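Undergrad: Sequence plus predicted model, see below.
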Amino acid sequence: MTGDDSRFRKDFPISEKIIYMNNGAIAPTPTVTINAVNDFMTKCANEGPDSAATSEYVTSILARLRLQVSRLINCDPEEVVLTQSTTDGINLVANGLDWKNGDSIVIRGGRHEHYANYLAWLRISQTKAVRLHELGIDENGLFDLSELEKAAKNCKLVAMSHALYNTGAVLPVEEVGRIARQNNALFFIDAAQSAGTLQIDVKKIGCHFMAFPGFKWLCGPTGIGVFYCSKQAAEFLTPPEIGWESAILSDSGIIAYMEMPARFQTGFRNYAGAAGLLSSIQYILDIGIENIRQQNLKVANVLRSELDKISSVKLLGPEEPDNRTSIVTFTASLDSSSIVKKLEAANIVLVDRDIAKSKKGVRASPHFFNSEQEAVQVAEQVKGLL
């Protein structure tokens with residue numbers, strides 16, 4: 001990727017009229033993905049949605065999608081389960097593990113975490129007599145690894161995000177993985193804010209489970225996500241749901257789950273979404289994750305620099321670029337929701353997000369199709385509001 005982002009901006013029609021920096025929530029889809037979904041629906045309409053030809057086409061799409069995901073996170077295609085969202089993957093782990101009285105789960109400060117990756121573990125602790133250990137965090141959401149080393153002793157699961165949805169801080173997941181392995185603990189990662197914008201290698205990280213959506217940094221359709229389950233860890237999970245595609249019934253009435261990934265695919269039918277996500281991941285991989293990372297940081301760094309010149313603005317998140325994503329979060333003299341509403345009236349889309357208990361900040365999450373000039377414009381608009 002060069003400094004000229006015009007080629008990619010043309011792939012996102014929204015760029016013609018709106019400065020869209022809410023990609024950490026839902027990113028727009030490129031035209032190639034829109035075309036892929038349209039092509040799929042047209043094929044179903046012309047050949048029949050349940051015809052032999054369409055069935056073969058769907059099988060090919062799902063196989064190719066799993067292959068592309070395996071390239072994205074460095075796993076085997078058989079370890080890729082297709083879901084509706086990150087939340088689905090989280091709940092597969094939370095509701096699939098065999099919890100015993102006295103088990104413990106270690107998470108980062110819960111109320112600073114996205115609720116999808118907090119409520120599932122909180123409910124388990126309240127219904128299964130399982131202890132929930134919440135690590136202390138600083139204002140950026142980071143924790144002390146020495147506390148984790150103590151908490152991980154005799155724990156069943158460590159669960160945390162790869163990158164934080166509110167401050168953009170990147171957590172030391174490789175170190176966490178090492179500590180989890182040393183203590184024979186399972187390790188789950190919520191990669192909603194990293195898949196598509198950070199390099200991910202599940203083998204290097206050493207996690208057992210990972211979940212992420214297609215509709216954030218991967219620029220895919222809504223309603224489709226990915227759950228990674230290592231082959232070794234699959235034996236620890238009992239599928240919380242069952243269907244004719246995930247299990248077989250013997251003549252004697254014995255149920256046997258199928259091998260990975262079918263054992264967790266109880267009734268996946270979002271084939272149009274799969275076609276779209278396949279196109280989006282191919283698009284992202286063709287550009288290159290590292291190229292995307294560098295472009296994202298360029299825009300984020302300009303935005304941080306310009307916002308930092310405004311006296312009533314306080315920036316949140318790590319200052320060192322290596323320790324954060326392109327998420328830029330700030331507070332100001334005007335409340336966050338008012339800033340977001342006024343910016344949207346000027347065709348600038350940001351969002352307000354929880355940064356602490358009862359406190360919100362304004363979050364910008366630029367992606368590779370955003371420009372440095374747009375970052376300057378956003379800061380100028382914010383300055384004009386204060």
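TA: Perfect, thanks for sending it.
Undergrad: Return the backbone torsion pair for V328.
TA: Backbone geometry at V328, expressed as degrees, to the nearest 10, gives phi -120, psi 120.
Undergrad: try C229
TA: Dihedral angles for C229 - degrees, to the nearest 10 - are phi -130, psi 120.
Undergrad: Identify the bridge partners of it.
TA: Bridge pairing for C229 (DSSP bridges) gives the partners F209.
Undergrad: what ranges do the helices span in the protein?
TA: 6-9, 31-47, 52-73, 86-96, 116-127, 145-151, 173-182, 202-205, 231-234, 271-287, 289-307, 336-345, 372-385 (DSSP state H).
Undergrad: Adding mean pLDDT and mean neighbour count, write those helices out as a markdown table.
TA: Using the backbone N, CA and C atoms, a C-beta is placed for each residue, glycine as well. Listed next are these as a markdown table, based on pLDDT from 0 to 100; neighbours: other Cβ atoms under 10 Å:
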| stretch | mean pLDDT | mean neighbour count |
| --- | --- | --- |
| helix 6-9 | 83 | 14 |
| helix 31-47 | 97 | 16 |
| helix 52-73 | 97 | 17 |
| helix 86-96 | 98 | 22 |
| helix 116-127 | 96 | 18 |
| helix 145-151 | 97 | 16 |
| helix 173-182 | 98 | 19 |
| helix 202-205 | 98 | 18 |
| helix 231-234 | 95 | 15 |
| helix 271-287 | 98 | 23 |
| helix 289-307 | 98 | 20 |
| helix 336-345 | 98 | 16 |
| helix 372-385 | 98 | 18 |
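Undergrad: so can I have TSV of these showing distance to I19?
TA: Below are the helices of the chain laid out as TSV (distance: least, Cβ to Cβ, whole Å):
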stretch	distance to I19
helix 6-9	11
helix 31-47	19
helix 52-73	28
helix 86-96	26
helix 116-127	27
helix 145-151	38
helix 173-182	31
helix 202-205	34
helix 231-234	42
helix 271-287	21
helix 289-307	11
helix 336-345	9
helix 372-385	5
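Undergrad: nearest to G214, of the ones you listed?
TA: helix 271-287 (4.2 Å; Cβ to Cβ).
Undergrad: who's in contact with the residue nearest to L67 when sequence neighbours are not counted?
TA: Excluding its sequence neighbours, the residue lying closest to L67 (Cβ to Cβ, 6 or more residues apart in numbering) is P77, at 5.2 Å. Counting by Cβ atoms under 8 Å, 6 or more residues apart in numbering, P77 touches 63, 66-67, 69-70.
Undergrad: Out of the helices of the chain, which is closest to M258?
TA: Nearest to M258, of the helices of the chain and by Cβ to Cβ, is helix 231-234 at 11.1 Å.
Undergrad: Name the residues that touch the closest one?
TA: 76, 78-79, 186, 208-209, 260, 263.
Undergrad: how far is that helix from where the chain is centred?
TA: For helix 231-234, the distance from its own C-alpha centre to the chain's C-alpha centre is 21 Å (Cα atoms, centre = their mean, to the nearest Å).
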